[in-house]
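Chemist: Just need the structure, nothing else, for what follows:
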Amino acid sequence: MLKRRQSDFVDEYYTNNDLSILKKLTLVIPTYNRNYYLSRCLWYHAHFPFGQIIVADSSPDEKKIVNRETVAKVREAFGTNILYLEYKPETEKYGGDIYRKWGDAVQHVTTEYSQIVTDKEFSVPLGVIDAIQYLDTHPDYAAADARNYFLVKSEKRNENAYIFRQRRHDRHSETDEKPFNRFIDSFVTTQPAVNNCLIPSVMRSEIRKDVSTQISPDKVNDIRLGELVLAFFGHFHGKYHQNSELISLVRDVSVISSQNIKQRWNSPESSTTRYPTMEDLIKTENTKFFDAFRTSLSSHLTEYANMSKDEAIQFVNKNYQDKYFIRYYLEKPSLIGFIANNFPFVKSLWDISPAWMRKLGSKISLSIFNHPLSSKPIHDNERYDNAELNIIKKVVENTIDLHDTDKPIEIC
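Modeler: Alright, predicted model coming up:
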């Protein structure tokens, strides 16, 4: 018999909300080597009636022992349906095993919808519910979500506050009837393309499973191009809806945002920094990764865009050469981009500069040269009086003292 758990501030806020529709959705939580983050993630999400939570754990054995104990405690305290999957630690140079783990975990989903939430992220229930309801009534849509936010540390002097900053400001719905047009708009027209990435969206599980099959040793098998597959191939399968009035996901980057460039590199705060960049991948002059992506894309164009095999191959070979994959990360060439390529130390200084300095530099450059100093927009810190965001902030504030020792939070 389960022990009766005392209600807390999370329960109290949602007590008058009907969250039952969340049973239609499975959260897939990939994790690696982070006991604190996983325990915090599970404790928070266990408050909500998701159909299932799947943990995909590739941590070293000593970390897995702690994670198993955390999963058991969450099950006991909340009665949560958790499927705990173990994988070997990621060791491949180009990170193919990361997204293969994700893809395998997705194949275990049994609910109609799913959302991938890494161990540093928080699914926001009311925005997720809105996405589920939209998909329920719009069968021609593959995915839906709402606004995404970063949780960061304030850069203002003498202030040690957590604030929220919107991610992907130019995110928008893809409603064209033709799969080819949706893909082109999201992956080519929209810059940076990451704005319309579908990885954090609520997606029909069968579509997510199908897309994930493209990640395998004999197909796309690296972290950089694997991300593109998971992010954009869903657009072939159906339309995408974005609700700009609600919030569906928050990612905690408060620790890494306060680190300098040297600290970030190979930091456990980010999996991506452990692997070669897209530029590094191109410099290897090993075309197998790009060839695999182009082959996968060609097959999707043939299947979903009414192209012949030869037409698809010709289109892909013409439009998706090395330069495009670099452009995926940028909006347009910038002055700082040119300088960074020729003077790397300037890029390091720019990256660790406070937001106010980058904004001022961009304004000066725009007024003198009619060109922004940076290709990426710099936005003011945003302080929202939003109860769901404040709950997440409180979860972080109440537990952050365990971060440096990587101890799991108390489950009760």
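Chemist: Which of the residues in stretch 64-83 are classified as buried?
Modeler: By neighbour count with 16 or more other Cβ atoms under 10 Å, stretch 64-83 contains the buried residues 64, 66-67, 70-71, 73-75, 77-78, 80, 82-83. (C-beta placed from N, C-alpha, C; glycine too.)
Chemist: Repeat that for stretch 213-230.
Modeler: 214-216, 219-230.
Chemist: go on, stretch 308-315?
Modeler: Buried residues in stretch 308-315, counted by 16+ other Cβ under 10 Å: 312-313, 315.
Chemist: now the end-to-end length of stretch 102-122.
Modeler: 17 Å (Cα to Cα, to the nearest Å).
Chemist: With stretch 116-136 instead?
Modeler: Start-to-end span of stretch 116-136 (Cα to Cα) is 19 Å.
Chemist: Check the average confidence over the helix or strand that V229 is a member of, would you?
Modeler: Per DSSP states H and E: V229 is located in helix 223-232. Per-residue pLDDT over helix 223-232 has a mean of 91.
Chemist: what does stretch 275-284 give?
Modeler: Averaging pLDDT along stretch 275-284 gives 78.
Chemist: now swap in stretch 130-144 and tell me
Modeler: Mean predicted lDDT for stretch 130-144 stands at 98.
Chemist: Which of the residues in that stretch are classified as buried?
Modeler: So stretch 130-144, judged by 16+ other Cβ under 10 Å, has buried residues 130-132, 134-135, 141-144.
Chemist: Kindly report the same for stretch 46-62.
Modeler: Using 16+ other Cβ under 10 Å as the test for burial, stretch 46-62 gives 46-59.
Chemist: Residues in contact with stretch 93-107: which ones?
Modeler: Stretch 93-107 is touched from outside by 28, 30, 32, 54, 56, 58, 85, 87-88, 90-91, 114, 116, 205, 208-209, 212-213, 215-217, 220-224, 226-227, 229-230, 271, 274-276, 281, 289, with contacts defined as Cβ atoms under 8 Å, 6 or more residues apart in numbering.
Chemist: Where helices are concerned, which of these count?
Modeler: The members of these that map onto helices under DSSP state H are 205, 208-209, 212, 223-224, 226-227, 229-230, 281, 289.
Chemist: which of these lies closest to D406?
Modeler: For the ones in helices among the contacts of stretch 93-107, the closest approach to D406 (Cβ to Cβ) belongs to I223, at 23.0 Å.
Chemist: now the closest one: how far from F183?
Modeler: Per Cβ to Cβ, to the nearest Å, I223 is found 21 Å from F183.
Chemist: go on, N35?
Modeler: Distance of N35 to F183, given as Cβ to Cβ: 39 Å.
Chemist: related to what we said a few turns ago, return the list of helices and strands in contact with the helix holding V229.
Modeler: Helices and strands touching helix 223-232, by 3 or more Cβ pairs under 8 Å, 6 or more residues apart in numbering; DSSP states H and E, are helix 96-106, helix 205-212, helix 278-283, helix 288-304, helix 322-327.
Chemist: change it to 6 Å
Modeler: With contacts defined as 3 or more Cβ pairs under 6 Å, 6 or more residues apart in numbering; DSSP states H and E, helix 223-232 has no helix or strand neighbours.
Chemist: I'd like the next helix or strand past that helix.
Modeler: helix 234-237.
Chemist: quick one: average confidence on the next helix-or-strand element following that following helix?
Modeler: Once helix 234-237 ends, the next helix or strand along the chain (criterion: DSSP H and E) is strand 239-252. Strand 239-252 shows an average pLDDT of 95 in the prediction.
Chemist: Which residues does strand 239-252 contact?
Modeler: Contacts with strand 239-252, where a contact means Cβ atoms under 6 Å, 6 or more residues apart in numbering, come from 120-122, 124, 127-128, 130, 134, 140-141, 143-151, 171-175, 200, 392, 396.
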